[in-house]
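**Student:** What would the 3D arrangement of this be:
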Amino acid sequence: MELSPATESVLAELDSFSGGKLARRSDLGVLIDSGRVQPGRDMLEELAFYSKFLHRTHGIMTRIGRDGQGYDRLAKEFSDAVGKTRSLLTSLIAGAPEHVRAPFSATYLAMTQEALKDLLALCRDLSWYKNWLLDTGHRRQGTP
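**Tutor:** Purely as a prediction, here's the structure:
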């Protein structure tokens with residue numbers, strides 16, 4: 001899918017902001033393009049919120065291990081957030097062409113360990129996007 005010039009500009013800023021750490025740049029671009037107008041804009045912002053939560057929670061769970069204090073509670077919250085993230089992702093790409101939706105579904109929405117790993121990589125990129133929105137004030141200016 002060809003991305004809009006505005007989205008390419010946002011991705012260039014995000015690349016710089018993240019120090020070149022975007023792992024799923026083109027897929028992030030598809031999501032940003034899908035969130036350029038309402039109701040996608042609100043979905044993208046909510047997706048970025050949940051993605052940041054998932055990225056941070058996964059890091060904590062990995063650090064404390066299964067026997068760590070609070071792990072079970074974190075695992076439950078993580079599982080709930082994965083479900084919400086998948087739902088938002090599905091809704092956000094619903095208007096995209098089939099040749100975009102099908103790979104997204106196979107890569108990020110399948111109920112496999114590999115898809116979860118891919119989803120977490122996308123969530124990391126979305127957390128960069130969320131931080132960029134907060135740090136630059138772009139959301140307040142109406143730019144996704």
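**Student:** list the contacts for G19?
**Tutor:** Counting by C-beta atoms under 8 Å, 6 or more residues apart in numbering, G19 makes contact with nothing. For glycine as for every other residue, the C-beta is placed from the backbone atoms N, C-alpha and C.
**Student:** if I pick L119, what's in contact with it?
**Tutor:** 54, 82, 85-86, 89, 108-109.
**Student:** now with 10 Å?
**Tutor:** 24, 51, 54, 82, 85-86, 89, 107-110, 126 (C-beta atoms under 10 Å, 6 or more residues apart in numbering).
**Student:** now do T57
**Tutor:** Listed by C-beta under 10 Å, 6+ apart, the contact set of T57 reads 74-75, 77-78, 81-82, 123.
**Student:** before we move on, the earlier item: could the contacts of L119 go into CSV alongside distance to E13, pLDDT and secondary structure?
**Tutor:** Converted to CSV, the contacts of L119 look like this (distance: C-beta to C-beta, whole Å; pLDDT from 0 to 100; DSSP: H, G, I helix; E, B strand; the rest coil):
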residue, distance to E13, pLDDT, secondary structure
R24, 16, 97, coil
S51, 18, 97, helix
L54, 23, 97, helix
V82, 28, 97, helix
T85, 23, 97, helix
R86, 27, 97, helix
L89, 22, 96, helix
T107, 25, 96, helix
Y108, 24, 97, helix
L109, 28, 95, helix
A110, 31, 94, coil
L126, 15, 98, helix
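**Student:** In ChimeraX, select just the buried ones from these.
**Tutor:** For the buried members of the contacts of L119, the matching ChimeraX selection, counting by 16 or more other C-beta atoms under 10 Å, is:
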select :24,51,54,82,85,86,89,107,108,109,126
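**Student:** For the contacts of T57, give me a markdown table that also has secondary structure and distance to P103.
**Tutor:** A markdown table is the format used below for these (DSSP: H, G, I helix; E, B strand; the rest coil; distance: C-beta to C-beta, whole Å):
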| residue | secondary structure | distance to P103 |
| --- | --- | --- |
| L74 | helix | 30 |
| A75 | helix | 29 |
| E77 | helix | 29 |
| F78 | helix | 25 |
| A81 | helix | 23 |
| V82 | helix | 19 |
| C123 | helix | 17 |
